[in-house]
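K.L.:
sequence isn't available, so here's the structure alone:
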Ligand SMILES: Nc1ncnc2c1ncn2[C@@H]1O[C@H](COP(=O)(O)OP(=O)(O)O)[C@@H](O)[C@H]1O
Ligand code: SF4
Ligand SMILES: [Mg+2]
């Protein structure tokens with residue numbers, strides 16, 4: 001199985017100002033991962049860790065400062081992204097602000113198609129729109145209505161229909177269910193899994209907690225302050241988390257089995273993610289790590305193979 005998306009040492013830095021002085025925000029600072037065809041990679045980390053910036057850089061909404069992005073074997077790190085635009089689409093967290101309130105659903109869903117194939121006859125365009133609305137479980141009677149007439153879950157279905165109209169083979173789902181009620185979250189996740197089963201589409205699923213990605217992802221990458229901390233197959237990561245950051249994130253996930261939750265020790269992550277303007281030296285997690293020692297301030301831990309496709313960046317496993 002070859003990778004559809006291969007990212008190595010990706011860096012996306014922003015110029016900013018702090019106290020009148022120019023500075024650099026290292027939002028993404030050396031992240032690597034691969035996503036195989038038809039697979040879902042879960043990308044997890046607290047707010048501010050650079051997940052959206054990584055996704056937006058893959059879409060080339062930002063130009064990377066370093067590293068390499070391969071899409072279907074093609075280097076898309078720089079140069080013209082237009083030939084790949086229809087093949088990759090992004091769905092955003094907030095279904096309230098990502099749909100233009102002045103447009104009817106028909107025009108919202110058709111938007112990427114209008115850009116990609118402006119000469120497509122109206123009847124054909126409508127047929128594509130109706131088919132994709134059906135895929136996300138929406139009736140075509142919705143087409144003449146406006147976004148405010150729908151619930152959050154329905155709006156997110158509409159956003160997903162829009163992302164699918166160009167027949168994309170890769171979707172970046174940036175916290176697509178974070179703004180929705182828990183019961184609705186499961187419906188959307190199951191729908192995304194059905195669509196993937198039928199079409200073989202590839203997903204990068206971004207979330208800020210580990211419970212959301214468990215069901216949908218085959219692999220998970222945990223990110224912290226612009227860098228990859230740990231990645232593994234989903235079952236392996238949840239059963240044997242190695243990185244102290246993953247262990248802390250996981251200890252916050254509720255377990256359905258009361259026997260397990262009583263045994264499970266809650267690891268409290270104190271403080272916030274430090275600023276990516278002045279990230280800690282060495283291991284960026286060290287200011288919140290309960291195992292931190294002097295070498296953690298001196299050298300950056302490399303992502304190392306812990307066996308069985310499990311990778312971890314922590315000096316404790318060297
Ligand atoms: N356009 C931008 N200019 C400056 N800083 C940015 C920009 N976009 C994001 N950032 C900063 O980059 C860091 C990562 O942000 P983001 O990628 O949105 O994280 P996440 O999606 O994990 O919450 C944050 O500190 C954020 O403030
Ligand atoms: S390298 Fe050190 S500070 Fe970083 S996670 Fe491992 S033990 Fe903690
Ligand atoms: Mg985000």
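P.N.:
Sure, I can see it. Bear in mind that the values here come from a model prediction, so they are computed numbers and not experimental data. Ligands and ions are numbered 1, 2, ... in the order given.
K.L.:
pull the number of nearby residues for residue 276.
P.N.:
Per other Cβ atoms under 10 Å, the neighbour tally for residue 276 reads 23. (C-beta placed from N, C-alpha, C; glycine too.)
K.L.:
so it sits against residue 26, correct?
P.N.:
Yes - applying Cβ atoms under 8 Å as the test, residue 276 and residue 26 come out as touching, 4.8 Å apart.
K.L.:
common neighbours of the two, please.
P.N.:
When contacts are counted by Cβ atoms under 8 Å, 6 or more residues apart in numbering, residue 276 and residue 26 are jointly contacted by residue 226.
K.L.:
and residue 197, which of the three is it?
P.N.:
Three-state assignment for residue 197 (DSSP: H, G, I helix; E, B strand; the rest coil): helix.
K.L.:
next one: residue 155
P.N.:
Criterion first, three-state DSSP; result for residue 155: helix.
K.L.:
same check, this time on residue 194
P.N.:
helix.
K.L.:
which SSE is residue 231 in?
P.N.:
Per DSSP states H and E, residue 231 falls inside strand 227-233.
K.L.:
pull up the pairing partners for that strand, direction included.
P.N.:
If you go by DSSP bridges, strand 227-233 pairs up with strand 219-224 (antiparallel), strand 311-312 (antiparallel).
K.L.:
and that strand with ligand 1, contact?
P.N.:
No - with Cβ under 6 Å from any ligand atom as the criterion, ligand 1 is not reached by strand 227-233; the gap is at least 11.8 Å.
K.L.:
residue 3: neighbour count?
P.N.:
Around residue 3 there are 17 residues (other Cβ under 10 Å).
K.L.:
still on that earlier bit, pull out the buried positions in the strand holding residue 231.
P.N.:
Neighbour-count burial for strand 227-233, counted by 16 or more other Cβ atoms under 10 Å, picks out 227, 228, 229, 230, 231, 232.
K.L.:
ok, stretch 292-302 next?
P.N.:
Under the neighbour-count criterion of 16+ other Cβ under 10 Å, stretch 292-302 has 292, 296, 301 buried.
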